[in-house]
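Colleague: Just the structure for this:
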Amino acid sequence: MFRHILLASHGTVGAIAAENMAIQVCAPEGKIDHLIVVPEFWQSMTGDDWLNNGTTRDQFRDYLQTELGKEIDQQCDRIHKKIAAHALAYDRVIVFGNPEKALLNQASNTAYDLVVMGSPRTAAGIKGKFSLRSTMLTQKLAQTLQTALLVVPHPGTDQI
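Modeller: Predicted structure coming up:
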């Protein structure tokens, strides 16, 4: 059992499998820090050519940020309730930037016993299932991370 876990999750089916596994392997009265990384590409999302003036682009950017914030809050609330139901402590860590760098930075700044994440979509490859193409699990991450890493298989990978 692990007392302090860093969980990388964004709410897809594969990430939910990682959430469930993190809860399973967390020690009683342990803590799970939930890492959500907002990828860099959101910063430049201002729409297409039809947004031809600064005011409209700013309004659209603000709208996107508000919607993204709502989605993140919903994910965090959902996971917090699930973790609290198992009498575990929860903290959310939301960062903006490169997913791989964000995870490495968080893991190096806090002493974790375990890092848990879902397998990349390409490893699961389940046609018709929603997932995000994650750039978090890279060879560099696996080689650089100084903490034990548990990559949870996507549910249904045995069906491929």
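
Colleague: And the strands in this protein?
Modeller: In the chain, the strands defined using DSSP state E lie at 2-8, 26-38, 89-96, 114-118, 149-152.

Colleague: I figured residue 148 hits residue 116, correct?
Modeller: No - using CB atoms under 8 Å, residue 148 is not in contact with residue 116; the gap is 9.4 Å. Where you see a C-beta, it was placed from the backbone N, CA and C, and this is true even at glycine.

Colleague: and these two? which has more neighbours close in?
Modeller: residue 116 (29 against 12; other CB atoms under 10 Å).

Colleague: Can you tell me how far the closest residue to that one other than its chain neighbours is from residue 61?
Modeller: Closest residue to residue 116 apart from its sequence neighbours, by CB to CB, 6 or more residues apart in numbering: residue 22 at 4.3 Å. Relative to residue 61, residue 22 is positioned 33 Å away (CB to CB, to the nearest Å).

Colleague: same check, this time on residue 23
Modeller: Remark: distance between residue 23 and residue 61 (CB to CB) = 36 Å.

Colleague: rewinding a little: present the strands of the chain as JSON lines; the columns should include mean pLDDT and distance to residue 105.
Modeller: Converted to JSON lines, the strands of the chain look like this (pLDDT from 0 to 100; distance: least, CB to CB, whole Å):
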{"stretch": "strand 2-8", "mean pLDDT": "97", "distance to residue 105": "11"}
{"stretch": "strand 26-38", "mean pLDDT": "95", "distance to residue 105": "10"}
{"stretch": "strand 89-96", "mean pLDDT": "95", "distance to residue 105": "8"}
{"stretch": "strand 114-118", "mean pLDDT": "94", "distance to residue 105": "12"}
{"stretch": "strand 149-152", "mean pLDDT": "92", "distance to residue 105": "15"}
